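[1] Sequence and predicted structure, then a few things I'm wondering about:
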Amino acid sequence: MYRIITVEREFGCGGGEIAAKLASRLGWKVWDHALTEEIAKLANVDCAAVERQEEKVDGTFHRLAQIFWRGSYERSISQSPSEFFDADCMVQMGRQVMERAAAEGHCVIVGRGAPYIMRGHADAFHVFLYAPYEEKLRRLRDSGRIAGDPEEMLKTIDRDRSLFVKKYFHADWPTRSLYHLMVNTAVGDEAVILNILQLMRTLEKRPVEAITSFPEHGKLV
């Protein structure tokens, strides 16, 4: 029985919104912004400081993780906790929060390396969402929530995610062999959700081992 769903996504494909709708349909908790809040608590950083950075994209390697966490922890002149909070800390704390969420079950975890962290859980169902460029651009423009140039963000954010996964999980992004299902969100949110639920129910009728092995190019350590 699946008790965890991880949703990895291309930037702009609507993955966060679809994950929230899926969690609502199931009556489960969605760990998206809530995950950022828990990381902030662990790091002793005001969540408002994280939220102020939600739409920022930084190309410097030591802060690539902000793409996953919807926030970044800026260094400041003062000796604040955020000065010492980097991507290494974020991955470690993110793992702790995700493992606690997994222990409770009935949760949908969005991005942040969740498919890689949860890969050893037999009760985790992994989804990757993607979309054509024009569809992603349309969704971003329609959302009205993007501060910055959507076209530039589409060029850079997924590249940064790929570098993040390579550094911290020693894998290609996306690692196709990791996912139970990869869906083009251009078919519509409802169709995506129905596909996820249908395949989950189908697989629950027969034993499914946790996905723990990968081709050499996608090996995790």
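    That came through fine. In this text, all values refer to a predicted model and were calculated from it rather than measured experimentally.
[2] which ones are touching the most centrally placed residue in the chain?
    Nearest residue to the geometric centre of the chain (Cα atoms, centre = their mean): residue 111, 0.5 Å. Residues near residue 111 by Cβ atoms under 8 Å, 6 or more residues apart in numbering: 7, 8, 9, 15, 32, 68. All C-beta atoms are positioned from the backbone trio N, CA, C, and that covers glycine.
[3] Let me know whether the second one touches residue 125 as I believe.
    No - in this structure, residue 8 is not within contact of residue 125 by Cβ atoms under 8 Å, at 12.0 Å.
[4] I'd like to know which of the contacts of residue 111 are buried.
    By neighbour count, with 16 or more other Cβ atoms under 10 Å, the contacts of residue 111 hold 7, 8, 9, 15, 32, 68 as buried.
[5] I'd like those residues laid out as a markdown table, including secondary structure.
    Shown next, in a markdown table, are the buried ones among the contacts of residue 111 (DSSP: H, G, I helix; E, B strand; the rest coil):
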| residue | secondary structure |
| --- | --- |
| 7 | strand |
| 8 | strand |
| 9 | strand |
| 15 | helix |
| 32 | coil |
| 68 | helix |
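[6] In terms of model confidence, name the weakest of those.
    On pLDDT alone, residue 68 ranks lowest of these, at 51.
[7] Measure how buried residue 25 is and give me the count.
    Neighbour count for residue 25, taken as other Cβ atoms under 10 Å: 14.
[8] List the buried residues of the helix or strand hosting it.
    Following DSSP states H and E, one finds residue 25 within helix 15-26. Residues of helix 15-26 classed as buried by neighbour count (16+ other Cβ under 10 Å): 15, 16, 18, 19, 20, 21, 22, 23, 26.
[9] Nearest to residue 3 among those?
    Closest approach to residue 3 among those (Cβ to Cβ): residue 26, at 10.3 Å.
[10] Check what pLDDT that closest one gets.
    Per-residue confidence (pLDDT) for residue 26: 96.
[11] For the protein, which segments are assigned as helices?
    Ranges of helices in the chain, per DSSP state H, are 15-26, 33-43, 47-51, 66-69, 87-104, 114-117, 133-143, 150-169, 189-203.
[12] Among those, which comes closest to residue 176?
    Between residue 176 and those, the shortest separation by Cβ to Cβ is 11.0 Å, and it involves helix 114-117.
[13] what residues does the closest one touch?
    For helix 114-117, using Cβ under 8 Å, 6+ apart, the contacting residues are 6-8, 94-95, 98-99, 126, 128, 165, 168-169, 171, 175, 178-179, 220.
[14] same deal with stretch 175-188?
    The contact list for stretch 175-188 (Cβ under 8 Å, 6+ apart) reads 8, 13-15, 18, 115-116, 119, 125-132, 135, 165, 171, 174, 192, 195-196, 199-200, 203, 211, 214-215, 218, 220.
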